[in-house]
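# Based on what follows, work out the 3D shape:
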Amino acid sequence: MSETVPPSGILRNRYRWLICGLLFCATAINYIDRQTVSVLKPLLQSDFNWSEVDYGDIVFVFQSAYAVSYLFFGRLIDRLGARMGYAAAIGLWTLAHMGHALARSLGGFMIARAALGIGEGGNFPAGLKAVSEWFPRSERAFAVGLFNAGANIGAIITPLLVPAVTLAWGWRAAFIVTGLFSVVWVLVWLKIYRRPEDSAKVTPAELALIQAEPVEAPRAVRWGILLSKRESWAYIGGRFLIDPVWWMFLFWLPDFFAKRHNLDLKSFGVPLAVVYILSDLGSVAGGWLSSFLIKRGRSVNSARKTAMLISALAVPPIVAGMYVDDLWLAVAIVGLATAAHQSFSCNLYTLPSDLFPRHAVGSVAGLGGMAGAVGGMLMAKYAGWVLDRIGSYTPIFAVSASAYLLALALIHLLSPRYEPARLD
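Numbers count the residues shown, from 1 in each chain. Reported below is the predicted structural model:
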């Protein structure tokens, strides 16, 4: 039986934010593991003689596995719960990540990336499930923004840590060292995480806040029912349009700075870190803005869409990124776009918990994540083809610039009032 000593000090009535902190750390680890290959791309491309299409195929394989896994884990987490579902996902992707160190060929990397994609597909469905269990609706966008900001911390750490480990011990060691972070996280997660009503660390006041909304009885929801709802397609379509842009940033920005500004493994760490620091600020600001507007009396519909519109309008300057000669001006332009993506996405990611009962959140998140990964697969093929044939990032940035306004228009068309879906 768990202990019954209530929390004290700064955690009293705020234990849910410790849970958010764990989600933040898991997402940071998730992005360190998936981004290690992109940071090592120039070195691996030279060692293994990969073409741009070969590298695009490696990304494509990861995205394919991630797409299928996202759907599978969304359903699994609705059944197992966030605690065991998250532990299973991170355990699997940790083994796959460390397995990259054994790769000796293009095929070996593809196998490792596929296994990584299967495990990493559980991260966001589990995180969104935990947020739906631990946070009232008025705080969810902010909580999602905070834990999603872990993606940027992971993206900041990776170009600083991975080159240092690689230069000291070789690129294979980079996969082993970064994989150890996950082992520690799983142990802490299993020790701490329980549902609010089962946790002895939650005070009655905090539990009342979390459970202020009616709690639905858990039950399975058929895929056909979810796919018949316009609200599901608003989320699916939004993720399909914007996720490929973020995948492009993750997997090709090191290459962009290497080719356009002549940076290498020793020098692109700081520019990339600055880009993702800006992304972090965007993630927190986007979640804060919609939560602030809700608390000031705006409807959830108005607050979420206002935040997304402001974010969408900040992306189009990315088109000028290829034509800027000054490194730090290019960093500012790219950083603005990545911050806008994170601001937009943390509001979009709250749609399942805003519009669907808790027992369907993981499944809807899985559908959207799968759609985003499919979009990322298409972006991987497109980027590889453009860079091999044209050698410029301009067409890639042009596609990215329009994605967010299109996504918002689609979301508004399918859910103009942002009303909860009726699953009866």
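
# quick one: average confidence on the helix or strand harbouring Ile111?
For Ile111, the enclosing helix or strand under DSSP states H and E is helix 106-120. With pLDDT averaged residue by residue, helix 106-120 scores 93.

# residue ranges with poor pLDDT in the protein?
Per-residue confidence of the chain (counting by pLDDT under 70) places the weak regions at 1-12, 213-220.

# quick one, helices of the stretch 101-250 of the chain?
In the stretch 101-250 of the chain, the segments counted as helices under DSSP state H, counting those that start in this stretch are 106-120, 123-134, 137-169, 171-192, 204-210, 223-227, 230-261.

# Among the ones you listed, which comes closest to Cys20?
Of all the helices of the stretch 101-250 of the chain, the one in closest proximity to Cys20, counting by CB to CB, is helix 137-169 (5.1 Å). Every residue, glycine included, has its C-beta placed from N, CA and C.

# Can you spell out which helices and strands pack onto the closest one?
helix 15-39, helix 123-134, helix 171-192, helix 269-295, helix 300-312, helix 327-348, helix 351-355 (3 or more CB pairs under 8 Å, 6 or more residues apart in numbering; DSSP states H and E).

# can those helices go into TSV with extra columns for distance to Pro254?
Written out in TSV, the entries for the helices and strands packed on helix 137-169 read as follows (distance: least, CB to CB, whole Å):
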stretch	distance to Pro254
helix 15-39	5
helix 123-134	22
helix 171-192	14
helix 269-295	6
helix 300-312	24
helix 327-348	12
helix 351-355	31
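
# So which of those is nearest Ile156?
Checking the helices and strands packed on helix 137-169 against Ile156 by CB to CB gives helix 269-295 as the closest, at 4.4 Å.

# can you pull the contacts of Pro42?
Contacts of Pro42 were listed using CB atoms under 8 Å, 6 or more residues apart in numbering, and they are Pro254, Asp255, Ala258, Asp264, Leu265.

# Out of those residues, who's the most crowded?
With neighbours defined as other CB atoms under 10 Å, the most crowded of those is Pro254; it has 27 neighbours.

# Next, the contact list for that one, please.
With contact set as CB under 8 Å, 6+ apart, Pro254 has these partners: Ser38, Val39, Lys41, Pro42, Pro159, Phe268, Leu272.

# Could you rerun that using 10 Å?
By CB atoms under 10 Å, 6 or more residues apart in numbering, the contact list for Pro254 reads 35, 37-42, 158-159, 162-163, 263-265, 268-269, 271-272.

# How about His412?
Ala234, Asn301, Lys305, Met308, Leu309, Tyr418.

# Next: Ile19.
Contact partners of Ile19, counting by CB under 10 Å, 6+ apart, are 82, 130-131, 133-135, 143, 147, 189, 192-194, 196, 199, 201-202.

# do that again at 7 Å, thanks
Taking CB atoms under 7 Å, 6 or more residues apart in numbering, we find Ile19 in contact with Ala130, Trp134, Tyr193.

# closest to Thr394 among the contacts of Pro42?
Within these, the smallest distance to Thr394 is 14.6 Å, found for Asp255 (CB to CB).

# which one of the helices of the stretch 101-250 of the chain is the most hemmed in?
Of all the helices of the stretch 101-250 of the chain, helix 123-134 has the most neighbours on average by mean count of other CB atoms under 10 Å, namely a mean of 28.

# would you turn the contacts of Pro42 into TSV with distance to Val331?
Listed next are the contacts of Pro42 as TSV, based on distance: CB to CB, whole Å:
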residue	distance to Val331
Pro254	13
Asp255	15
Ala258	14
Asp264	16
Leu265	18
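
# Which strands and helices lie in contact with whichever strand or helix holds Ala67?
With elements taken from DSSP H and E, the one containing Ala67 is helix 52-80. Helices and strands touching helix 52-80, as assessed by 3 or more CB pairs under 7 Å, 6 or more residues apart in numbering; DSSP states H and E, comprise helix 82-99, helix 106-120, helix 123-134, helix 358-389.

# then the second one to PDB, C-alphas only?
Think helix 106-120. Included here for helix 106-120 are C-alpha records, laid out as PDB according to Å, rounded to 0.1, in the frame of the first residue of the first chain:
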ATOM      1  CA  LEU A 106      22.600   1.600 -44.700                       C
ATOM      2  CA  GLY A 107      20.300  -1.400 -44.000                       C
ATOM      3  CA  GLY A 108      21.500  -1.600 -40.400                       C
ATOM      4  CA  PHE A 109      20.600   2.000 -39.800                       C
ATOM      5  CA  MET A 110      17.200   1.500 -41.400                       C
ATOM      6  CA  ILE A 111      16.500  -1.500 -39.100                       C
ATOM      7  CA  ALA A 112      17.500   0.600 -36.000                       C
ATOM      8  CA  ARG A 113      15.500   3.600 -37.100                       C
ATOM      9  CA  ALA A 114      12.400   1.400 -37.700                       C
ATOM     10  CA  ALA A 115      12.700   0.000 -34.200                       C
ATOM     11  CA  LEU A 116      13.200   3.500 -32.800                       C
ATOM     12  CA  GLY A 117      10.100   4.800 -34.600                       C
ATOM     13  CA  ILE A 118       8.000   2.000 -33.100                       C
ATOM     14  CA  GLY A 119       9.000   2.900 -29.600                       C
ATOM     15  CA  GLU A 120       8.900   6.700 -30.000                       C
END
